[in-house]
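Engineer: Here is the input, now give the coordinates:
(chains A and B)
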Amino acid sequence: MIDFSIILAGFGGQGVLSAGKMAAESALIEGKEVSWFPSYGPEMRGGTANCSVVISDEPIGSPVINEPDVLIALNQPSLEKFEDTLKPGGIIIIDSSLVKVAPKRTDIRFIPINSSEIASELGSMAYATIVLLGCVSAATGAFTRDSFEKALYDVLPERRHHMIPNNLNAFDKGAEFANK
Amino acid sequence: MAEVVLMKGNEAIAESAIRSGCLYYFGYPITPQTEIAAYMAKTMPKRGGVFLQAESEIAAINMVYGVAGSGKRVMTSSSSPGISLKQEGISYLAGSELPALIVNVQRGGPGLGGIQPSQSDYFQATKGGGHGDYRNLVIAPASVQELYELTVKSFDLADKYRMVCMILGDGTIGQMMEPVAFKEKEDTVEIAKPWATTGMHGREKHNTITSIYIDPDDLEAKNRELQEKYREIEEKEVMFESSNLEDAEIVIAAYGTCSRICKNVIRQAAELGIKVGMVRPITLWPFPSKEFARVADMPSVKGFLDVELSSGQMIEDVRLAVNGKKPVYFHGRMGGNLPTQKEILDEIVKIHKGEM
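Structural biologist: Residues are numbered from 1 along each chain as shown, chains lettered A, B, ... in the order given. Predicted coordinates for the structure are as follows:
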C-alpha cells in the first residue's frame, strides 16, 4: 500500500511548487488519492518556498505534513529546516549542485543528485526538479514514469509539448540515482 | 464519467459558483482567497457573466445587495479583515431577506493580522456578525470536493430561505489542491423569486426591498418572521459527519482544516489502543447540537476534545450542547499556526490517562 508524504523545498522560482503539482498530477492519473499544499504569502520571490504532497491509496487525512517520508531540498536552508522532521527511514534527496552540506541524520537514506548540472546540460534549469522527481518515482513507487508522461501532456500547454522528451530524459537521469 | 481535476480550493469555489448559475461576482483582492477573484476575472466573461473588482469590500457587498434584489444568483468573497468591512452590508441583506453567497477564507486576526490559516471568525460568522438579530447559514467544508458540492448547495439554501449563506473556509482549505470530480450538470434549481425587483410586469403594486421598519410593531413582526425562519432552518438544515463513534472513549469536535488533521490523529490514537471518534460540524449554524447531545449520552464516551484554529470559539456551542454531561477539553493554535498531530495526540493521551 502506498501512503506517504513529500516535502519539496527551495528558493521561490526554482519550481518546487510546480514539481509538487506534477507529482500529485502523476499519482492522480493512477487513481491514487492526492493532496498538495503550498507555503503561500510574502515568502515567494527569493525567499523560501515549499509544498507538501500526500499520495495515498486511502482517503487522505491531513494535507499538512509534520513528518514527511521524503524531503527534496533545493537549497541549504530547506535542508536545515526540514531535516529533523523527516520520518526515521525516510529519504532526503538534494540538488548537490546547490546544497553543499550533507544531512546529519544517519537513520535516513541520503541521495545527492547534481540535478542543476544535469538540467543545464539538457538546456534549461527548469529540468532540475524533474530530475529529482524521477528519483522519487524510482525510489518510492509513488507514481510511475508512464503516468508522469501522461501528466506532462495534461499539464503543459501544447506549445510546450516539444519539451516533453527532455523532461522524460531528465526524469530518467534522476531515476538512475535511486538505484545507486 | 465525471471529470476529475486537481484544483485549488479557492478555484473550486469559483468554478462551482459559475456552475450553480451565479453569473455575478463582486470582490476586492485579499490573501488567502485571491484565487477566487482571479478565476472569476478569467472565466466569467467567457461564460457570459460579470466580474467586477470593486473599489472596496464595502462597495462589493452593496453591489451584491443590488444584484440579489434583482433575483439573480450573486456572490462575493474575502478573507477575515475584508469580511469585517462587509458586515454592514450583510446585516442589510439579512434585514431585506436577500439570498447571496459570501465566502470567508479565514486568516489570523485580530486587526490586519496575518495571512496564514485561522478559524478565529467563528463567532462573527455564526452569531450574526453585523448589527441586529439575525443569522447566516454557515457551511464549513473540509475538502476541495466538499467545497465544490457545498457551494452548489449554498446557492440553493440561500434562495430557499432568502438569506445569506456563508462558506467559512481558511487559508489551508483555500490554498490546497485536491482532486475534484465535477458532475456533467449541477442538480441545482433556481426557484421563482416573485419578490425580486425586476419591473412591474403588469402587477398592481411594485415590489419593495428594504430593511427599514420605523414602526416598532412592524419591526418586531419582521423580526418574529426572521426568527421563525431560523427555527425552521435549525430543524431542517443541520449537516455533520460523525465517524468512529462506536465504543469511542474520546470524541473530537473539529471542523474544516482541523478535522483533517484530527483524522490522522484518530488513526495514531488507535495504534495506542485509544478509541477516538469525531463529530465534524458541516453546518456551523445551524449547529449540530442534537448530535453532540446524543454522543454525550453514550456510556463509552469519557469526554470531548475540541480542536480549533482559535482561542476556543466553537467550544462554546459544543459545551452548550453537551450541557455538562461530559467534560469538554480544548486544544487550539492561533495567529495562523496549525496544531501538529503530535500536539493533539498528546492531549488525547492525557485525557485518556485522566491527567486533564
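Engineer: mean confidence score for the longest helix seen in chain B?
Structural biologist: Once chain B is assigned using DSSP state H, the helix that runs over the most residues is helix B:216-236. Average pLDDT, helix B:216-236: 98.
Engineer: what does stretch B:161-174 give?
Structural biologist: When pLDDT is averaged over stretch B:161-174, the result is 98.
Engineer: Give me the distance from that stretch to the chain's centre.
Structural biologist: Taking CA atoms, centre = their mean, to the nearest Å, one finds stretch B:161-174 lying 3 Å from the centre of the chain it belongs to.
Engineer: distance between the ends of that stretch?
Structural biologist: As for stretch B:161-174, its first-to-last residue distance stands at 26 Å under the measure CA to CA, to the nearest Å.
Engineer: Could you see whether chain A lies near that stretch?
Structural biologist: Yes: counting by CB under 8 Å from any CB of the partner chain, chain A is contacted by stretch B:161-174 at B:171-172. Any C-beta I mention is one placed from the backbone N, CA and C, and that applies to glycine too.
Engineer: Buried ones in stretch B:110-122, by neighbour count?
Structural biologist: When burial is assessed from 16 or more other CB atoms under 10 Å in any protein chain shown, stretch B:110-122 yields the following buried residues: B:113-122.
Engineer: Which members of those define the maximum pairwise distance?
Structural biologist: Between any two of those, the greatest separation by CB to CB is 18.6 Å, found for B:115 and B:122.
Engineer: about what we covered before: helices or strands next to the longest helix of chain B in the packing?
Structural biologist: Secondary structure elements in contact with helix B:216-236, counted by 3 or more CB pairs under 8 Å, 6 or more residues apart in numbering or on different chains; DSSP states H and E, are helix B:144-161.
Engineer: May I see the buried residues of the longest helix of chain B?
Structural biologist: B:226, B:230, B:233-234.
Engineer: So, low pLDDT: which residues of chain B?
Structural biologist: Per-residue confidence for chain B (pLDDT under 70) gives these ranges: B:1-2.
Engineer: Try it again at 80.
Structural biologist: Where chain B drops to pLDDT under 80, the residues are B:1-3, B:356.
Engineer: what's the answer for chain A, then?
Structural biologist: Counting by pLDDT under 80, the low-confidence segments of chain A come to A:1-3, A:40-47, A:180.
Engineer: Number of residues surrounding residue B:206?
Structural biologist: The local packing count at residue B:206 equals 9, with neighbours defined by other CB atoms under 10 Å in any protein chain shown.
Engineer: Phi and psi next, for the closest residue to chain B within chain A.
Structural biologist: Scanning chain A for the residue nearest chain B gives residue A:61, at 3.4 Å (criterion: CB to the nearest CB). In this entry, residue A:61 is assigned phi and psi values of phi -80, psi -100 (degrees, to the nearest 10).
Engineer: So it sits against residue B:259, correct?
Structural biologist: No: with contact defined as CB atoms under 8 Å, residue A:61 does not count as touching residue B:259 (9.1 Å).
Engineer: These two: which has the busier surroundings?
Structural biologist: For residue A:61 versus residue B:259, neighbours defined as other CB under 10 Å are more numerous around residue B:259 (24 against 20).
Engineer: Helix or strand: which one has that one?
Structural biologist: Under the criterion of DSSP states H and E, residue B:259 resides in helix B:256-271.
Engineer: What segments of the chain are strands?
Structural biologist: Picked chain A for this. A:3-11, A:33-38, A:48-56, A:70-73, A:91-95, A:109-113 (DSSP state E).
Engineer: oops, chain B please
Structural biologist: Assignment of strands within chain B using DSSP E yields the ranges B:3-8, B:24-27, B:50-53, B:74-78, B:100-106, B:137-139, B:164-170, B:177-182, B:240-243, B:250-253, B:276-281, B:283-285, B:303-308, B:328-332.
Engineer: Can you say which of those strands is nearest to residue B:354?
Structural biologist: Proximity to residue B:354, assessed across those by CB to CB, is greatest for strand B:303-308 (9.7 Å).
Engineer: Need the distance between the two termini of stretch A:155-165.
Structural biologist: Start to finish, the residues bounding stretch A:155-165 are 15 Å apart (CA to CA).
Engineer: Show me the contact partners of it.
Structural biologist: When contacts are defined by CB atoms under 8 Å, 6 or more residues apart in numbering or on different chains, stretch A:155-165 is touched by residues A:21-22, A:25, A:124, A:149, A:152-153.
Engineer: same question, stretch B:31-49
Structural biologist: Here stretch B:31-49 has contacts from A:40-41, B:8, B:10-11, B:13-15, B:18, B:22-25, B:27-29, B:50-51, B:53, B:77-79, B:103-105, B:107, B:115-117, B:169, B:171, B:174-175, using CB under 8 Å, 6+ apart.
Engineer: What's the ChimeraX syntax to select whichever of the residues you listed are buried?
Structural biologist: Buried members of these, identified by 16+ other CB under 10 Å, are gathered into one ChimeraX selection as follows:
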select /A:40,41 /B:8,10,11,13,14,15,18,22,23,24,25,27,28,29,51,77,78,79,103,104,105,107,115,116,117,169,171,174,175
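Engineer: Residue B:251 contacts residue B:304, doesn't it?
Structural biologist: Yes: using CB under 8 Å, residue B:251 is in contact with residue B:304, at 5.1 Å.
Engineer: Residue A:137 is in contact with residue A:151, isn't it?
Structural biologist: No: checked against CB under 8 Å, the pair residue A:137 and residue A:151 is beyond contact range at 11.3 Å.
Engineer: what sits against the nearest residue in space to residue B:178 that is not next to it in sequence?
Structural biologist: In space, and not counting its chain neighbours, residue B:178 is closest to residue B:144: 3.8 Å by CB to CB, 6 or more residues apart in numbering or on different chains. Taking CB under 8 Å, 6+ apart as the contact definition, residue B:144 lies against B:7-9, B:12, B:173, B:176-180.
Engineer: By neighbour count, sort out the buried ones in the contacts of stretch A:155-165.
Structural biologist: A:21-22, A:25, A:149, A:152.
Engineer: Around chain B, pick out the residues from chain A.
Structural biologist: So far as CB under 8 Å from any CB goes, chain A lies against chain B at A:21, A:24-25, A:28, A:33-38, A:40-42, A:60-64, A:66.
Engineer: Any quick ChimeraX command for the buried ones out of the residues you listed?
Structural biologist: The command below creates a ChimeraX selection of those among these that count as buried (16+ other CB under 10 Å):
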select /A:21,24,25,28,33,34,35,36,37,38,40,41,60,61,62,63,64,66
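Engineer: and the nearest residue to residue B:347 once chain neighbours are set aside, how many neighbours does it have?
Structural biologist: Distances taken as CB to CB, 6+ apart put residue B:331 closest to residue B:347, at 4.8 Å, once the chain neighbours are dropped. Residue neighbour count, defined by other CB under 10 Å, stands at 21 for residue B:331.
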